[in-house]
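S.K.: Provided below for reference: sequence and predicted model.
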Amino acid sequence: MTTKLFGEPVRRREDPRLLTGQGRYLDDLGRDALAAAFVRSPHAHARIRDIDVTRALDVPGLVAIYTWEDLPERVARPLPLLIPHPALTHGRTAYPLAREIVRHVGEAVVMVVAADRYAAEDACGLIDVDYEPLKAVVGLEEAVQGAQLVHEDVPGNLGTHFVQEVAGLDGRGAREAIEAAPHTLAFRLDIERSASTPLEGRGVYARWDGRDLRVYSSTQTSSSVRMAVAAALQLPLTQVEVIAPDVGGGFGVKIVHPWPEEVLVPWAAMTLGREVKWAEDRREHFISSAHERGQVHYVRVGFDDDGRVLGLDVTFLHDHGAYTHYGIIVPIITSTQLLGPYKIGAYRVEFSAVYTNTVQVTPYRGAGRPQGAFCMERTMDKIARYLGKDRTVVREVNFIGPDEFPYDQRMIFQDGRPLIYDSGNYPEMLRMIKELIGWDEHVGRPGTGIGIGCYVEGTGVGPYEGGHVQITSDGRVHVSTGLTSQGQGHETVFAQIAATELGVPIERVSVVTGDTRRFGYAVGTFASRAAVVSGSAIALACRKVREKALRIAGDALEADPADLEIEDGVVRVAGAPGATIPLGTVAVLANPLRYAFDEEATRATPFAGAADFDRPPVAEGDEPGLEGRDFYSPIRSTFAAGMHAAIVETDPDTAEIRVVRYAVVHDCGKLINPMLVEGQIHGGVAQGIGGALYERMVYDAHGQLVNASFMDFLMPYATEIPHVETAHLETPSPLNPLGVKGAGEAGVIPVAAVIASAVEDAEGIEIDRMPLSPSELFDLRTARDMK
Amino acid sequence: MEHEITLVVNGTARRVTVPARRLLSDCLRHDLGLTGTHVGCEHGVCGCCTVLLDGEPVRSCLTFAVTVDGRDITTVEGLAPAGGLSAVQRAFAECHALQCGFCTPGFLCTVTALLRDNPAPTDEEVLEGLSGNLCRCTGYQNIAKAVHRAAELLAEES
Amino acid sequence: MKPPPFEYHAPRDLDDALRTLARVGTDGKVLAGGQSLIPMLNMRLMAPAHLVDINRVASLDGVEAGAAGVRVGALARHSQVERGRSHPLLTRALRLVAHPVIRNRGTVVGSLAHADPAAELPAVLAVLDGSVRLARWESGRIATREVGAREFLVGPMESAVRPGELAVSAFFPALGPRTGAAFEELARRHGDYALAGVCAVVRLDEDGQVAAARVACTGVGPVPVVVDVTEASRDGWDAAARRVQEEIEPEDDIHASAAYRRHLVGVLAGRALGGAAREAAGGA
C-alpha cells in the first residue's frame, strides 16, 4: 500500500515553519499586550514585614502593582496539590504571591504590569520589600535534623514517609533475606540536583473579551491549565480556552500547573480589561520554576555466589524543595523503577521526603528513574567487583527471562496501578549492546574504561487520551488530540498513524495538539506517553471513521464494505478497477445538506439525487459528517527498556573525563518513525551526559542558588556531547492497538550510571556520587593515593 | 530618550524609534515583528538570538539596536526567499536537526556564516563552529550531520 | 533581564568621545563590544547613568603590526585580530576566548579593561609585559599615558582606567628571535572561562639553552600571576612548574577546588613551557 507510513523515517511536518522563523512560540504572540514582571524573594526564608510600592508609582508605563492582599479570595488560595498521595501526609503548596512568608529565593512576592517588560522591571526594582530573614534549611541532612522548619506546621520538615515491600517467593522479607545471604554489601549513593532547562522558559498570555477568556501558555498540558484557571477565576469551563502554541522544550518542568503566573496573568487581564503577557526570563527560570534529581540513597544488598540478588533494601532521602505542588511522583518512580530488568528476590524500599528552602522539585525527563537506575546499576557493578565477575554476567543472571512476561513486580506503580511488565527481551538486548560496543574485546584494556547500564521504563501511563478525526469534503483529514507538543514531532507521527489507518497521503493530513478549542479532554504530555496513548486513541478514532467511510462508500458503490479498501484517499472495490469513490465525496455523502455553497455541497442537497424515502436523511443512531472520536485508556503502563554502554578516557594528569564512544540499544516496541526515535535518544543521552559530568544546582548555606545562569550551570555544547551509536530491538507491546511503547525519556535514564561504571573501570575507584567533575575525580584519586 | 534609527533588515530598510537600551533582539522581535529570532538567556550564552550583522553572526541580546544604526542585519526570516528554504535549512530538515525548534534560528544563522567562510569544514571545525549555541533537544549529533549535508548541497548548487 | 535606562552617547571621533567621558566622569561606562558589559546590564548588576558607545569612532579599529610588536586599537574585534595573525601568542590565545560568535563583537582592549583574572588576554599582556594606552581630555586636548601590564591589571575586574579615561589601544611586544610561546588551559566546557590556564614564553640562547622563561596564569589569583622561571627551569620543566605552583593563590569555587587548581596549574605549566621551548627551538 503506497500510503503505509507507519514505521517509516518520514520527514517532520513541523520543520518548514520552524526553519523559517514562522513558528509561533509564546512570546511571539500578543505584540500589543501589557507585560508582567515579578518582584521575587532575594531570601531563601524570610517573613515579609512590609511592602512599599511608593517609589515605583512614577515609573513611566506602569499599569498596576499587585500583592497577595490585592487578590480575590479564590485566586489568593494556595495552588492545588496536583497529585495527592496517602504517604504525602504534609503536602504544602505556595500561594500565587507570597503571603507573609517566603520559602525560597525566587518566590514571587509582587506582580507588576506595565507597558513593556523594560518598564515592568524598572518598577520591580523600585518596590521596597522589608524582609525579616529567617534561618534557611538547605540540603537533605540539615532538613532531616529538623532543627529549623521550612513550614511551621510540618514537624521535622517531613512531608512524606513511604514504604513498599515485596517479600521473596519463600515469604521472607528483604532484610531477612539479606541477613541470610552468602554475601552482603552496603553503600551510599548520591545524585545532585539538575533541571529541565528548556531553552524557552515558561510563559503565559491572556486575552479577556468581557465574556470569554483565552489563555496561551507554554505548557505540557493545556487542558488541565484550562480547568485550573476556570476554577481559580470562577468561570464556567466553556468560557475558558487554553492553547499551547509552539513550545520551546519542556522536559517535565512545564507539566506542572497551574503555575502562579498561569492564574495571575489571566486574572490581571480580566481585572484590567487588557491583554497581559508574561515571558519568563532565564534567571526566573532557574530560581522560580522547578528542579529535580537530588537524592541520597542507602543501599543494602544480599546475593549468592553467582551474583543473584536475594534481597535488596533501599532507603533514600528525597528533597521536596519548598513545596509539593506535583506530589511525590519522582520518589515513587525511583522506588519502583529501580528494579529495572531484574527479578529481585525480596525488595524493600523506604523513602523520606523533606522540605528545604530551595526551588520545588517536580519531574524532569526520566523523573526519578535516573536515580533508580544509578542505584540498581551501581549495585550490579559492586556485586561483580566483589565476586570478581564480569559486570554483564552478573546482570544476566538477574534478568527477567523473555518467557516470563507479563512479569509482575508485585508493586504499585506511579499511576496507582500494578507494576507488571508487559513484554521485553533483556538477554537479547544485552547481547546486542555488547556486540555494538565491543564489550568482550574492550574489557580490561588499560588507559580507558568501559561501562554499562540497563533500565526499564514504564511509559504510556493513563488515565487516557482522546483523538478526533474528521474528513472534510475536500478529502483532507483533520486530526486533533488534546495533549501538547514540545518538539517531539507529534504532528508528524500522528499524521503517519492517521495516513496509515485511513489510506490517505500524509500531505492531506493535518494535526492539531494542545488546543482546547479543538479537543478538550486530555491529560498531558509527560511519562513518554504521547505516542502510546494519543497515538492509540487517534488510531482507534481513525478506525471508526474508516468503518463509516466504507459503509457509506459501500452504499454508493453497491458493494459489501468488507470488499472495500482505501488507497491514496480513494475507496475502491478490491480487485475491481473502476469502481471508486474519493473520501472527499464520501464526506459529502455523509452530510446531507439543504444549502449549496460550492460544487461539492451541491451533490448533497435535497434534490441532488435518488433518496431513500423510508429513512430520514440522517439515520437513527448515526451522525452527519465523516468524523469520529475515540479514547484510549491503558489498563496499565507499557514497559520500554534499554541498555547503554560507554568507553571513556580519563586524563592521568588533568583528570578530564572524555567519552570516547557511547552506544545505545533501545526497545520501545514498534517504531512509528525511527528517525524521530533516534532523535529522542540522542537528546536524552545529551541530557544524561550533562547530568553525569556537567550540570548541578549549587546552593550555598543561605539558600542562594549560586549558579543561576548559563555561565555557571554547565549545559553542554556540541563540543561536550559524544556521538551516539544506536540499535533497536522491537518487542511489541500487547497492551495497545499499535504495539508501541514510549520513547521520550529513555535516553537520559541510565547515563549517570553508565559513566560512573566506565570511570570506575578506568580508575579503579568506586564512583558513588554524580555528577563527577575533573576536580572531584582528582579529589578521589588523591584520597586513594593517601590510603 | 528615544532614538530614530534605520536598520536594513533582510534587505529592507526599516525605520524605527527605540530607547537607547532597546536590545537588538527585542527591537527585531517586538518593534519589527520578526519573531523568528528567539531569546533564550539574555546573557549571551545560549545563542538562540544569533543574527547576522553585516554577514557576521552576533548575539542580538548583547547588542543595542542604537549601536547598529544603519547596518545590515539578516535574521532567520531572511535566509531564503519567501516560501523557499536555503541549503542549510533543507539540510536541517533532511537530517532531523531540530526538535522544538527554539534554538534553530540561531544555529541556522551561525551555520550559514560558517559555511560561507569555510565551505568544506572538518568534523572538528563543525563542532567548533557550533560550540556557541545551546540545544537542549537534539544532542547536536544531527545538527553536526546537517552542517556537512548543507556543505554538500551548497557544493552541488555552485 | 532587561537593561536599566541610561543616557546614550555616540561620539563620532576620539575628541568627542573623550570630552563626553570627561563630562560624565564616574557615572559613565564605555561600550565597545559589549559582550561582558551588556550581560551585566541585562542582569541589572550595574546601572551606569551614561553609556558612551565608541563603536562609531572609526580611528580606533586599527591593528598595526611592526617589528617591535602589535598595537591593537580599542575597537578591533577579537575575530579581526585573530584573522590578522600578527602575533602568534595573541592569535593562539584569541582562539581560546569564548566562542566564535562572541569574538565577532568582543574587543581585545575591552577584554583587557574588563580585567577578569580568568580571561586569557590579560595573561598574554602580562606575560609579554605589554602595555595599554589610556587617553583623556585635559585642558582642551587629548592627553595620553602608557601603562604597563603590571600596573594596568590592578585587581579582579579592576584595571587602571580612571573615570574619564578611555583605553585607546594595547601593545603586545613581539616574541623576538629564538622565542616560543604556548597557551594551555582547561575549561569545563569548550569556550568557558578556564578553571586555570598557563601562558608561557620561552627564549633560547644561541646554544639552545633557556635564556628566559616566563609564565602568566589565569584563574588562580586576583590578576594574572606572572612567574619568571628562568632559574627554576635549569632543573627541568617539572621544577619550573613546581615553582609556578608556589606562586599562585587558587581558591575554591563551584567548578573546582583550590587543590585541584594548584595541581592543574602544575600540569599546564609543564605542558606550556615544554611547548613554548619546542617552538623556540623549531623557530631558531
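M.R.: Ah, there it is.
S.K.: give the contact list for the residue of the stretch 101-250 of chain C found nearest chain A.
M.R.: Closest approach of the stretch 101-250 of chain C to chain A (Cβ to the nearest Cβ) occurs at C:His190, with a separation of 3.6 Å. C-beta here means a position set from N, CA and C on the backbone, and glycine is covered the same way. The contact partners of C:His190, taken as Cβ atoms under 8 Å, 6 or more residues apart in numbering or on different chains, are A:717, A:719-720, B:127-128, B:131.
S.K.: need those residues in TSV (columns: secondary structure).
M.R.: Output for the contacts of C:His190, formatted as TSV (DSSP: H, G, I helix; E, B strand; the rest coil):
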residue	secondary structure
A:Tyr717	coil
A:Thr719	helix
A:Glu720	helix
B:Leu127	helix
B:Glu128	helix
B:Ser131	coil
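S.K.: for chain A, which residues are neighbours of chain C?
M.R.: Within chain A, the positions near chain C by Cβ under 8 Å from any Cβ of the partner chain are A:117-118, A:121-122, A:125, A:281-283, A:653-656, A:694, A:696, A:698, A:706-707, A:709, A:711-712, A:714, A:716-717, A:719-720, A:773-775, A:778-779, A:782.
S.K.: buried sites along the helix or strand A:Ala384 falls within?
M.R.: Per DSSP states H and E: A:Ala384 is located in helix A:369-387. Buried positions in helix A:369-387, judged by neighbour count with 16 or more other Cβ atoms under 10 Å in any protein chain shown: A:369-385, A:387.
S.K.: so is the helix ranked longest in chain B next to chain A?
M.R.: For chain B, the longest helix by residue count, based on DSSP state H, is helix B:141-157. Yes: interface with chain A: helix B:141-157 contributes B:141-144 (Cβ under 8 Å from any Cβ).
S.K.: buried set for that helix?
M.R.: Buried residues in helix B:141-157 (16+ other Cβ under 10 Å): B:141-151, B:153-154.
S.K.: what does stretch A:772-786 give?
M.R.: A:772-781.
S.K.: can I get the residues you listed in JSON lines including distance to C:Leu264, secondary structure and pLDDT?
M.R.: Formatted as JSON lines, those follow (distance: Cβ to Cβ, whole Å; DSSP: H, G, I helix; E, B strand; the rest coil; pLDDT from 0 to 100):
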{"residue": "A:Leu772", "distance to C:Leu264": "16", "secondary structure": "coil", "pLDDT": "98"}
{"residue": "A:Ser773", "distance to C:Leu264": "12", "secondary structure": "coil", "pLDDT": "98"}
{"residue": "A:Pro774", "distance to C:Leu264": "8", "secondary structure": "helix", "pLDDT": "98"}
{"residue": "A:Ser775", "distance to C:Leu264": "8", "secondary structure": "helix", "pLDDT": "98"}
{"residue": "A:Glu776", "distance to C:Leu264": "13", "secondary structure": "helix", "pLDDT": "98"}
{"residue": "A:Leu777", "distance to C:Leu264": "12", "secondary structure": "helix", "pLDDT": "98"}
{"residue": "A:Phe778", "distance to C:Leu264": "8", "secondary structure": "helix", "pLDDT": "98"}
{"residue": "A:Asp779", "distance to C:Leu264": "12", "secondary structure": "helix", "pLDDT": "97"}
{"residue": "A:Leu780", "distance to C:Leu264": "15", "secondary structure": "helix", "pLDDT": "97"}
{"residue": "A:Arg781", "distance to C:Leu264": "13", "secondary structure": "helix", "pLDDT": "97"}
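S.K.: can you map out the helices along the stretch 351-500 of chain A?
M.R.: A:369-387, A:391-398, A:426-437, A:439-442, A:490-502 (DSSP state H, counting those that start in this stretch).
S.K.: between those, which one is closest to C:Glu249.
M.R.: helix A:369-387 (37.0 Å; Cβ to Cβ).
S.K.: on that earlier part again, what sits up against the longest helix of chain B?
M.R.: By Cβ under 8 Å, 6+ apart, the residues outside helix B:141-157 that reach it are A:679, A:682, A:718, A:721, A:723-724, B:87-88, B:90-92, B:94-98, B:107, B:111, B:114-115, B:119-121, B:123, B:126-127, B:129-130, B:135.
S.K.: gap between it and the chain center?
M.R.: 16 Å (Cα atoms, centre = their mean, to the nearest Å).
S.K.: now the closest residue to B:His38 other than its chain neighbours, what's its secondary structure?
M.R.: The shortest distance from B:His38 to any non-neighbouring residue, by Cβ to Cβ, 6 or more residues apart in numbering or on different chains, is to B:Cys48 (4.2 Å). Three-state assignment for B:Cys48 (three-state DSSP): coil.
S.K.: for A:Gly173, see how far away B:Cys48 is.
M.R.: Counting by Cβ to Cβ, to the nearest Å, the gap from B:Cys48 to A:Gly173 is 53 Å.
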